[in-house]
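>>> Following is a predicted model, sequence given first.
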Amino acid sequence: MTYPSFVVGIAGGTGAGKTTVSRLITQRVADSVTRIPLDNYYRDLSHLDVEERAEVNYDHPEAFEWDLLCEHLEALLSGNSVEMPQYDFEIHNRKDETVTVEPTDVIVVEGILALYDEEINGMLDLRLYVETDADVRILRRIERDVVDRGRDLEGVIDQYLSTVKPMHEQFIEPSKKHADLIIPEGANRMAINLLEEKLQNEVDGEGTRTWEREDFEREIGGQLR
Ligand SMILES: Nc1ncnc2c1ncn2[C@@H]1O[C@H](COP(=O)(O)OP(=O)(O)O)[C@@H](O)[C@H]1O
Ligand SMILES: Nc1ccn([C@@H]2O[C@H](COP(=O)(O)O)[C@@H](O)[C@H]2O)c(=O)n1
């Protein structure tokens, strides 16, 4: 195994296709990949009852335990295993059990705000933003929340208008500026093929030709952000 691991961040609005992209680009190298859904790092809200938890704004950065995610990423990058929390959307809280995650060649952090936190961004080698129109995303979300997450239509629409949409505009969409690549429509075939190949190269230890920062700045005649 090669350390430090190659870390990919995949952000984008709810229903954009993040999980699908993550699944597809890691298929060929599945045994060498750790997938870290940001949802697992929603704060523990056991001190609230379920009705109170249902009212929480889950699209605000404050909803996530960033320190724990940083700690776990650092541990994995140092070659140590971590106990990753698991999330239950039906009860709006972490499950009691955790899952042991071992360090691997490639780590994929995926979630609405995967490109939001400065410290996390600093640990990512490749930052992806999946961009899909809001109308497509809300239609996907209605279907998913009702079928898989035990929600009713009225609640999904209320939540979308009160928190999901405004937080998307305030925090998620602006995080796109941190992306190296923007993937239109989620599972875009050419993007998936290229990214799959990139990860395969990372796992095979072949890497791909990469520019050193100074050479690149000289070539473009300007400073990189
Ligand atoms: N390019 C695409 N075309 C059609 N449907 C897609 C595409 N990408 C994702 N989907 C579908 O959209 C839904 C939401 O995708 P998902 O990857 O779970 O989104 P996210 O993780 O961003 O919430 C899933 O049912 C998935 O199969
Ligand atoms: N208890 C919760 C926690 C989160 N959500 C919503 O999940 C969305 C993020 O997941 P995606 O797979 O859609 O990226 C986010 O928009 C939260 O509103 C929830 O509904 N309930």
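Perfect, thanks for sending it. Ligands and ions are numbered 1, 2, ... in the order given.
>>> starting at the chain centroid, how far to stretch 55-72?
Distance of stretch 55-72 from the chain centroid (Cα atoms, centre = their mean, to the nearest Å) equals 12 Å.
>>> what about it, start to end distance?
By Cα to Cα, to the nearest Å, the extent of stretch 55-72 from end to end equals 28 Å.
>>> Quickly check: that stretch near ligand 2 or not.
Yes. Counting by Cβ under 6 Å from any ligand atom, ligand 2 has neighbours in stretch 55-72: Tyr58, Asp59. All C-beta atoms are positioned from the backbone trio N, CA, C, and that covers glycine.
>>> List of residues touching that stretch?
Applying Cβ atoms under 8 Å, 6 or more residues apart in numbering, the contact partners of stretch 55-72 are 14, 36, 38, 41-45, 48, 82, 84-85, 92, 101, 109, 112-113, 116-117, 119-120, 123, 163-164, 167-168, 171-172.
>>> where does the protein come near ligand 2, residue by residue?
Thr14, Gly15, Lys18, Asp39, Tyr42, Tyr58, Asp59, Phe89, His92, Gly111, Ile112, Val164.
>>> let's see 5 Å
Thr14, Tyr58, Asp59, His92, Ile112, Val164 (Cβ under 5 Å from any ligand atom).
>>> Now tell me what touches the helix or strand harbouring Ile182 from outside.
Element membership for Ile182, per DSSP states H and E: strand 181-184. With contacts defined as Cβ under 8 Å, 6+ apart, strand 181-184 is touched by Gly12, Gly17, Val21, Leu126, Arg127, Leu128, Tyr129, Val130, Glu131, Thr132, Lys176, Ala191.
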